[in-house]
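Sequence below, structure please.
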Amino acid sequence: MFMACAASFPLLYDAAYRIVEASKSEKNTEWEIFIVQLRNELHQSSNWHISGGKLNYGVEGSITSISQYEDKLRRQINGQGHEVMLQNVKKATFALEGGKLYIHVTFQDGEEEGTSLYPFNQASS
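As a prediction, the model looks like this:
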C-alpha cells in the first residue's frame, strides 16, 4: 500500500504543478488583454482624470470610467453598466503623473502587475 502511494506522488505533484501554471498563464493573458483594450480605448479618448479611485475619460461625448468593484475591474459608461475587464483583483490603483497614466494591480494570489500608458493627441488632467 505504501509503495502504491509513494509511486503515485510524483504524478499528483506534476498534475498540481500543471494546474497552477495553467492558472498563471490564464491570468497573464487576461492582464495583457485588459491592457491592450484599455490602451486602444484611451488612444481615442480625451480628458483623462482620476477621481475617487476611478479612471475617467471622455469617448465620443460619453464619460467612461474604470473602477474596482469587489474583486473585479469594471468599465462603465456614464455611470451605467458593469463590463468586467479584469478578475481576481485585490487592489487596483491609478495615477496620473507627468502626463502618463500608471496602473498597478495586486491580484488575490498576491501577484502584482503594473504598466504605464502615454497619451496620444489628447488632453489629460
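
Could you list the low-pLDDT ranges of this structure?
Counting by pLDDT under 70, the chain contains low-confidence residues at 20-24, 120-125.

again, only using 80
For the chain, the stretches flagged by pLDDT under 80 are 1-25, 119-125.

the strands in it, which residues?
For the chain, the strands defined by DSSP state E occupy 46-51, 54-59, 62-69, 72-77, 80-87, 89-97, 100-107, 112-117.

Select, out of those strands, the one closest to E26.
Closest approach to E26 among the strands of the chain is made by strand 80-87 (9.8 Å; C-beta to C-beta). C-beta here means a position set from N, CA and C on the backbone, and glycine is covered the same way.

List the buried residues in that closest one.
85-86 (16 or more other C-beta atoms under 10 Å).

Next: stretch 31-44.
Across stretch 31-44, burial judged by 16+ other C-beta under 10 Å covers 31, 34-35, 38, 42.
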